[in-house]
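Peer 1: need coordinates for the following:
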Amino acid sequence: MERSRIALPVLLEPQGHERCEICGLLPLIETARGHSRIVARSPAMHALFRRVARFAAADAPVVILGESGTGKEVVARALHNNSSRRDRPFLAVNVAALPSELLESELFGHVRGAFTGASAAKRGLFEAADGGTLFLDEIAEMPLALQAKLLRVLQDGEVRRVGDTRSFGVDTRVVCATHRELGEQVRRGLFREDLYYRLKVLTVRVPPLRERGEDILPLAEQFLRDEGHLEVHLSPEAAQVLTAYGWPGNVRELASAVKHGVALGAGALIRPEDLPEELLRGTVRTRPENAREIDLRSLLEVEREHILRVLDACQGSQAEAARVLGIGRNTLWRKLRRYASTERSEAPRTTAQS
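Peer 2: Residues are numbered from 1 along each chain as shown. Sure, this is the predicted structure:
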């Protein structure tokens, strides 16, 4: 077998400790259901995990970028499992899934009586993950007020529980993930610039599934094994459907499709009719179903629409809009004046009637 076709992992048994000969990682990660193997045959994923292997040896924060469902948490777990912190906790929280007040308590903990319902003190995730890794999924959705508190933890290595006056030290590595472009979020005023540069020490981008077609079938077979269906396999026709589809939902959608096939399949083979209907309708992998059409407007038109949209979001405040846009207030004023002049010149002329 050629080296480029060697799959991650190369483990034969879950209890083994053999490292991948391509990237040097231990390709077995711990999940809520036990252990699972990292599957990556594509050159893009080989390159990614070689980078992850280098990051694992460091102790700095890591930002994992990629579309929803690409497997960013798997990358985070691989980082932890191959670091010196592997014997300490790996804890994960979806920042977007919790309201601001609850998220603050979840991350930093609280003392008794800190707020209504706080009948007892509670440790936060930073404290619980001391010595290990804390994975903050969808970090771009964190409210600005909490971003400031996260920045303080990263700078000082200290946590203060909600309602407490004392701080205490923690040794927790932070790994973040987001499907958004954080630089753009900073420019829009939705993410703190100082936190952005504090987090953006090490960055890795997970490619979408449509760009790593070699991984589709091995992943599907791994999902069957993870579900305990060792005797069930894909028919050649079903495999062809999977490889032809665009996978806008990435690996998460593939896992759901495999479960769908197992639920409807009869016997040891999953056939095309057992797969979700959208897979049978959309068999083009070159373009995902939810991809946008190319915008053929001029740059000036696109700029005008964006500026007016930001101004509207800022309730007409030019000073605030200029800050969000990252331009001077005078520059914004000149652009708005030009837009107004253009609208007047393009307005239809009317003649007075007697």
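
Peer 1: which residues in the stretch 201-350 of the chain form strands?
Peer 2: 202-205, 233-234, 269-270 (DSSP state E, counting those that start in this stretch).

Peer 1: neighbours around the residue lying closest to R329 once chain neighbours are set aside, how many?
Peer 2: Distances taken as CB to CB, 6 or more residues apart in numbering put A322 closest to R329, at 4.4 Å, once the chain neighbours are dropped. The C-beta positions use only the backbone N, C-alpha and C, and glycine is treated the same way. When neighbours are defined as other CB atoms under 10 Å, A322 has 21 of them.

Peer 1: and G169, backbone torsions?
Peer 2: phi -80, psi 150 (degrees, to the nearest 10).

Peer 1: just A40 next, same as before
Peer 2: Dihedral angles (degrees, to the nearest 10) for A40: phi -160, psi 100.

Peer 1: where does it land on pLDDT?
Peer 2: Note for A40: predicted pLDDT of 83.

Peer 1: re the thing from before, between the strands of the stretch 201-350 of the chain, which one is nearest to R212?
Peer 2: Closest to R212 of the strands of the stretch 201-350 of the chain is strand 202-205 (CB to CB; 12.3 Å).

Peer 1: what comes into contact with that closest one?
Peer 2: 48, 51-52, 55, 58, 60-66, 75 (CB atoms under 8 Å, 6 or more residues apart in numbering).

Peer 1: average pLDDT across stretch 191-207?
Peer 2: 94.

Peer 1: buried residues, that stretch. List them.
Peer 2: Across stretch 191-207, burial judged by 16 or more other CB atoms under 10 Å covers 191-192, 195-196, 198-199, 202, 204, 206-207.

Peer 1: quick check: pLDDT value at the spatially closest residue to R252 that is not a sequence neighbour.
Peer 2: Leaving aside its sequence neighbours, R252 sits nearest to G69 (CB to CB, 6+ apart; 3.3 Å). For G69, the pLDDT comes out at 93.

Peer 1: what's the burial count for G69?
Peer 2: There are 20 residues near G69, going by other CB under 10 Å.

Peer 1: rewinding a little: give me the buried subset of the contacts of strand 202-205.
Peer 2: 48, 51-52, 55, 61-66, 75.

Peer 1: thinking again about what came up before, list just the nearest of the contacts of strand 202-205 to R123.
Peer 2: P61 (21.5 Å).

Peer 1: contacting residues for the closest one?
Peer 2: 154, 173-176, 198-199, 201-202.

Peer 1: with K149 instead?
Peer 2: Contacts of K149 (CB under 8 Å, 6+ apart): 104, 107-108.

Peer 1: so it, which state does it fall into?
Peer 2: helix (DSSP: H, G, I helix; E, B strand; the rest coil).

Peer 1: begin at 373 from here
Peer 2: Noted, 373 is the first residue going forward, which turns the last one into K521.

Peer 1: quickly find the element holding the residue nearest to R624.
Peer 2: If you go by DSSP states H and E, G441 is not part of any helix or strand.

Peer 1: any idea how far the helix or strand containing E499 is from the middle of the chain?
Peer 2: Here E499 sits within helix 497-500, counting by DSSP H and E. Its chain's average C-alpha position is 21 Å from that of helix 497-500, according to CA atoms, centre = their mean, to the nearest Å.

Peer 1: what sits up against it?
Peer 2: So helix 497-500 is in contact with 461, 463, 465, 478-481, 506, 525, 531, 540, 542, 544, going by CB under 8 Å, 6+ apart.

Peer 1: number of residues surrounding the residue nearest to K631 when sequence neighbours are not counted?
Peer 2: Using CB to CB, 6+ apart and skipping the chain neighbours, the partner closest in space to K631 is E599 (7.0 Å). Neighbour count for E599, taken as other CB under 10 Å: 14.

Peer 1: over to P590?
Peer 2: Neighbour tally, P590, other CB under 10 Å: 16.

Peer 1: next one: it, what pLDDT does it get?
Peer 2: Reported pLDDT for P590: 93.

Peer 1: coming back round to it: so the residue nearest to R701 is in contact with R706, correct?
Peer 2: No - using CB atoms under 8 Å, A694 is not in contact with R706; the gap is 11.2 Å.

Peer 1: quick check: mean pLDDT of stretch 702-721?
Peer 2: 68.

Peer 1: again but with stretch 445-464, I slipped
Peer 2: Rounded mean pLDDT across stretch 445-464 is 93.

Peer 1: on that earlier part again, what residues of the helix holding E499 count as buried?
Peer 2: So for helix 497-500, counting by 16+ other CB under 10 Å, buried means 497-499.

Peer 1: cool, stretch 439-448 as well?
Peer 2: 439, 441-448.

Peer 1: starting at the chain centroid, how far to it?
Peer 2: Centroid separation between stretch 439-448 and its chain, computed with CA atoms, centre = their mean, is 6 Å.

Peer 1: now stretch 547-566
Peer 2: On CA atoms, centre = their mean, the centre of stretch 547-566 falls 12 Å from that of its chain.
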